[in-house]
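J.: Structure of the sequence below:
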Amino acid sequence: MMSFEDEPEAIREINVRELKSGASRVLDGVVDGERVIVTRHGHPIAVIISIEQAIDLLLSSSEDFVRMRLRAREELDRLP
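T.: Okay, here's the model as predicted:
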């Protein structure tokens, strides 16, 4: 499983037309860890990431996780 710490070197950018014509190829790349920005008229409108990356992202911003990180940071700050 890929984590956000194992970031790919680049994020691929495609337009909506490319997504429509090559959705299967795009999704194959995402399964392999690629991240894709979808653009419309040159403006980013969406990001496609794997479900594992999405879960990591959601968990990292959950209230419980944020509280645990803050508590850990406070404990580290108290260490000599």
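J.: can you list the weak-confidence ranges in this protein?
T.: 1-9 (pLDDT under 70).
J.: Helices of the protein, start to end?
T.: Here the chain has its helices, by DSSP state H, at 16-21, 23-31, 51-60, 63-78.
J.: C-alpha coordinates for the last one, PDB please?
T.: The C-alpha coordinates for helix 63-78 follow below in PDB (Å, rounded to 0.1, in the frame of the first residue of the first chain):
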ATOM      1  CA  GLU A  63     -11.000  15.000  14.700                       C
ATOM      2  CA  ASP A  64      -9.800  12.000  16.700                       C
ATOM      3  CA  PHE A  65      -6.500  11.800  14.700                       C
ATOM      4  CA  VAL A  66      -5.900  15.500  15.000                       C
ATOM      5  CA  ARG A  67      -6.500  15.300  18.800                       C
ATOM      6  CA  MET A  68      -4.000  12.400  19.100                       C
ATOM      7  CA  ARG A  69      -1.400  14.400  17.100                       C
ATOM      8  CA  LEU A  70      -1.800  17.500  19.200                       C
ATOM      9  CA  ARG A  71      -1.600  15.400  22.400                       C
ATOM     10  CA  ALA A  72       1.600  13.700  21.100                       C
ATOM     11  CA  ARG A  73       3.100  17.000  20.200                       C
ATOM     12  CA  GLU A  74       2.400  18.400  23.700                       C
ATOM     13  CA  GLU A  75       4.000  15.300  25.200                       C
ATOM     14  CA  LEU A  76       7.100  15.700  23.000                       C
ATOM     15  CA  ASP A  77       7.400  19.400  23.900                       C
ATOM     16  CA  ARG A  78       7.500  18.400  27.600                       C
END
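J.: That one vs helix 51-60, what angle?
T.: 60 degrees (axes from the mean of the first three to the mean of the last three CA atoms, to 10 degrees).
J.: just how off-centre is helix 63-78 within its chain?
T.: How far helix 63-78 lies from its chain's middle: 23 Å, per CA atoms, centre = their mean, to the nearest Å.
J.: How about stretch 11-24?
T.: How far stretch 11-24 lies from its chain's middle: 17 Å, per CA atoms, centre = their mean.
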